[in-house]
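> just to be clear, the model below is a prediction. Sequence and coordinates:
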Amino acid sequence: MKNLIKKTALSLGFLTAMSVSAMADGFLQGPILEVKDDSKSIVIETIYQGPMEIKVLPSTRIELDDCGWFGMDNIFEDGDFYDLKVGRHVEVEAYYPNTMNQTPTTAMPPRATKIEVKCHKMAY
């Protein structure tokens, strides 16, 4: 009986760890290279992985940082998909959907939970 309880506990622990790692959060940043209005996604140039497409969901929170006069515009307002413009630097909090049954060519892009748009000018 103790052995069965121990195996069950280990199985549940393993399954929990797998589900948490499958939905692990990621942090991406870089300039927007392309805005795909039809699929509601953006392509950003990440520092480590090169260009990456990120799906923007209806529940994605878009924050505008340093926008308007002295960075004071839209303090109490969130942005929307149309504030994502080519060339703007973004910081994205995203999660990777479960892709265990998919090949790398059909894997779904990460889903954004929060996008912070940096409106200040970049160095180049």
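Received it, and whenever you're ready, just let me know what you need.

> quick check: next helix or strand after the worst-scoring helix or strand of the chain on mean pLDDT?
Least confident helix or strand of the chain, by mean pLDDT, DSSP states H and E, is helix 2-22 with a mean of 46. Remark: after helix 2-22, the chain's next helix or strand is strand 25-36, criterion DSSP states H and E.

> neighbouring strands of that following strand in the sheet, and parallel or not?
Next to strand 25-36 in the sheet, as set by DSSP bridges, lie strand 41-46 (antiparallel), strand 89-95 (antiparallel).

> in a markdown table: the ones you listed, plus mean neighbour count, distance to K118 and mean pLDDT.
For glycine as for every other residue, the C-beta is placed from the backbone atoms N, C-alpha and C. Shown next, in a markdown table, are the strands paired with strand 25-36 (neighbours: other Cβ atoms under 10 Å; distance: least, Cβ to Cβ, whole Å; pLDDT from 0 to 100):
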| stretch | mean neighbour count | distance to K118 | mean pLDDT |
| --- | --- | --- | --- |
| strand 41-46 | 20 | 12 | 93 |
| strand 89-95 | 19 | 4 | 92 |
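
> would a markdown table of those strands with distance to D83 be doable?
Compiled in a markdown table, the strands paired with strand 25-36 are given as follows (distance: least, Cβ to Cβ, whole Å):
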| stretch | distance to D83 |
| --- | --- |
| strand 41-46 | 11 |
| strand 89-95 | 10 |
